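J.: Predicted model follows, preceded by the sequence.
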Amino acid sequence: MNEIKLISGTSHPDLSAKVADRLGISLTNTLCQPSSIGEISVSIGESVRGDDVYILQSTAPGTVNDGLMELLNLIHACRTASARSITAVIPNYPYARQDKKDKSRAPISARLVANMLQSAGTTHVITMDLHASQIQGFFNVPVDNLFAEPCVLDWVKRNVDASNCVIVSPDAGGAKRVASLADRLGVGFALIHKERPRPNVVGRMILVGDVSNRTAILIDDMADTCGTLAKAASTLEEHGAREVYAIVTHGVLSGSAIETINNSCLSGLVVTNTVPLGDKIARCPKIKVIDVSGVLAEAVRRTHNGESVSYLFNNVSY
């Protein structure tokens, strides 16, 4: 079996270190630094010829474009160094919300990112909870879209009274995700219809379902400015919810998100560590973190050994 080489970008070194530790290997020696004119310079410090290379690079708020360019350079460096295969492990896929042409003369940026990754030399992609699963169709190489649902299910069972809760989607787009989780818990679900007068601004909210005297758990794939979550929590409280939690896969938490969460009626915001959180945990005591490094490491191991990855769709890997 060819050797695994795990390369870390600079966006989320903590997650990369945890994945390497779970695999029982060391991170490949690399150097990524900006030049004096702002260009990204990368170099691989050891041979990857004939090896299966896995490059882990997430997206960090404010540095998405730098992180993407760094990832493309790392991929191309491995390609020109004769790596046997190159897998891009991207826990939070960049530009995932720009997955369709929703207005005149708008780009489909998620497709553009897919084209760039393939042109650079990617032979396989591992990601988690894509904003739209159809993004997988933008690629001509295999894409494994892992789910945080097993980890979320485990957290709910460990931390709340699962028999007296209701799973809530903050918008119509997440109905399928919420229904799946509710079915596995054996509880009911509800839906919030929201109207957006403009991007990142939420207007009126209408609750469909019953949450009275129960623990309401909001489920979403991404928390950005958190305006939607805060207003949804307020709506649920107005309809008699005993307490409200929010669980999201990608805790981007940009702008004034921390202040919004602190001032909201949420009892807790649960996020995975697909995105680096920095000092946000210290600034917001409501934030709880689910570690998904075990899932990513197991996906890498199974891919390398030619085993099925679908096992991870329904099972927790610690």
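T.: Looks like it arrived, so ask away.
J.: residues making contact with the helix or strand hosting Tyr245?
T.: Using DSSP states H and E, the secondary-structure element containing Tyr245 is strand 243-251. Under the criterion Cβ atoms under 8 Å, 6 or more residues apart in numbering, residues 91-92, 128-129, 148, 152, 155-156, 160, 215-223, 229, 232-233, 236-237, 265-272, 274-275, 277, 280, 287 lie in contact with strand 243-251. To be clear about C-beta, it is placed using only N, CA and C from the backbone, and glycine gets the same treatment.
J.: Using neighbour counts, trim those residues to the buried set.
T.: 91-92, 128-129, 148, 152, 155-156, 160, 215-223, 229, 232-233, 236-237, 266-272, 274-275, 277, 280, 287 (16 or more other Cβ atoms under 10 Å).
J.: picking up where we left off before, export only the CA atoms of the helix or strand that the strand holding Tyr245 is followed by, formatted as PDB.
T.: Sequence order places helix 257-262 as the next helix or strand after strand 243-251, per DSSP H and E. Presented in PDB, the C-alpha positions along helix 257-262 are these (Å, rounded to 0.1, in the frame of the first residue of the first chain):
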ATOM      1  CA  ALA A 257     -22.400  37.100  15.200                       C
ATOM      2  CA  ILE A 258     -21.000  36.600  18.700                       C
ATOM      3  CA  GLU A 259     -22.800  39.600  20.100                       C
ATOM      4  CA  THR A 260     -26.000  38.500  18.300                       C
ATOM      5  CA  ILE A 261     -25.800  35.000  19.900                       C
ATOM      6  CA  ASN A 262     -24.900  36.400  23.400                       C
END
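J.: In helices, which of the buried ones among the contacts of strand 243-251 fall?
T.: Counted as lying in helices by DSSP state H, out of those, are 152, 155-156, 229, 232-233, 236-237, 280.
J.: could those go into a markdown table alongside pLDDT and distance to Gly255?
T.: As requested, these are arranged in a markdown table below (pLDDT from 0 to 100; distance: Cβ to Cβ, whole Å):
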| residue | pLDDT | distance to Gly255 |
| --- | --- | --- |
| Val152 | 94 | 25 |
| Trp155 | 94 | 26 |
| Val156 | 93 | 28 |
| Leu229 | 91 | 13 |
| Ala232 | 91 | 18 |
| Ala233 | 93 | 18 |
| Leu236 | 93 | 23 |
| Glu237 | 93 | 23 |
| Lys280 | 94 | 12 |
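J.: Can you give me the neighbour number for Glu238?
T.: 12 (other Cβ atoms under 10 Å).
J.: Going forward, count from 13.
T.: Okay, using 13 as the starting number, the last item reads as Glu250.
J.: Could you tell me how far it is located from Ala194?
T.: Taking Cβ to Cβ, to the nearest Å as the measure, Glu250 falls 21 Å from Ala194.
J.: buried stuff in stretch 90-104?
T.: 90-91, 93, 95, 97-104.
J.: Which secondary structure state is assigned to the residue in the chain sticking out farthest from the centre?
T.: The C-alpha centroid of the chain is most remote from Ser48, which lies 31.8 Å away (Cα atoms, centre = their mean). Taking DSSP: H, G, I helix; E, B strand; the rest coil as the rule, one finds Ser48 in the coil state.
J.: Buried residues of stretch 67-79, list them for me.
T.: Of the residues in stretch 67-79, 67-73, 76, 78-79 count as buried by neighbour count, 16+ other Cβ under 10 Å.
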